[in-house]
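Colleague: With the input below, show me the fold.
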Amino acid sequence: MGIEDIRIVLVRPQGQMNVGSVARAMKNVGLKELALVDPAGPSLHPDARVMAVHAHDVLKDALIFSRLADAIADCTWVIGTTRRRGKGREGVIDPRQMAAEIAEINQQNKVAVVFGPEDRGLTNRDLDLCRRLVTIPVHEEYGSLNLAQAVMIICYEIYLASRHKKGLSRTKKLAASEELEGMYRHMEETLLRIGFLEQNSPKRMMAVLRKIFSKAQLDSREVRVLRGICRQANWYAGLHTVE
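Modeller: Alright, predicted model coming up:
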């Protein structure tokens, strides 16, 4: 796969002018695949067209989804953007590190980079769907970036890294997002039934497990093995198989 196969995902974008500016930023560096999740207006809104300038094709071909999970279902490496650091956000990388990873991973895998709404960013649930988190370092006095600015910085780093990726080792083809989410649902139900997870707050431990398995970079076969373990645990406990 090439740089043009990388998907830029905007979750609940509010400003049509920003959407148009994002399309222009993408086309500047050769990215073509834009996905909009629950957008405030149509991709070809007049304000978006004005700001896109000569990137109307990116807007016209934009994929529209109602849920983030659907927008990234076929992607095998999903990166979420965040401004926040701290507890639960360990291991956040910067755009240059992210781009170096993508340059290698993208050879065998479908990559998506996810951006949140202009006012709030991605929710914790959104970020749970991502394998990696990236933040753009900015001056502490004013850490807020316009959505299109953030996309331009990320896309530029991806473009630079893609020009120097020759000779990098090839990575394996990873499991798609929808496979991983199926595994996590199966695992959560199994661990609840055998008493490993707290009934009132299972998501807390599941967030830890998500981080562990994200680092493992599971492929489809490994996901099937883990789901097989869950089925066996269900059988041993005298439970019904989770599909």
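Colleague: Look at the nearest residue to Thr190 once chain neighbours are set aside and say how many residues are nearby.
Modeller: Nearest non-adjacent residue to Thr190, counting by C-beta to C-beta, 6 or more residues apart in numbering: Cys230, 4.2 Å away. From N, CA and C alone the C-beta is placed, and that goes for glycine too. As a burial measure, Cys230 scores 20 neighbours (other C-beta atoms under 10 Å).
Colleague: Please enumerate the strands of this structure.
Modeller: Counting by DSSP state E, the chain has strands at residues 7-11, 33-37, 63-65, 77-81, 111-115, 132-134.
Colleague: Which segments of the protein make up each domain?
Modeller: Domain segmentation of the chain under automatic domain parsing yields 3-162, 177-236.
Colleague: residues contacting the residue nearest to the spatial centre of the chain?
Modeller: Compute the mean C-alpha point of the chain, and by C-alpha atoms, centre = their mean the closest residue is Val78, 3.1 Å away. Contacts were defined as C-beta atoms under 8 Å, 6 or more residues apart in numbering; by that measure Val78 touches 72, 111-114, 129-132, 177.
Colleague: hey, what's it bridged with?
Modeller: Under the criterion DSSP bridges, Val78 forms beta bridges with Ala112.
Colleague: pLDDT wise, what is the residue lying closest to Ile6 once chain neighbours are set aside at?
Modeller: Nearest in space to Ile6, with sequence neighbours left out and distances taken as C-beta to C-beta, 6+ apart, is Val111 at 4.8 Å. Among the per-residue scores, Val111 holds a pLDDT of 96.
Colleague: and Val111, how many neighbours?
Modeller: 26.
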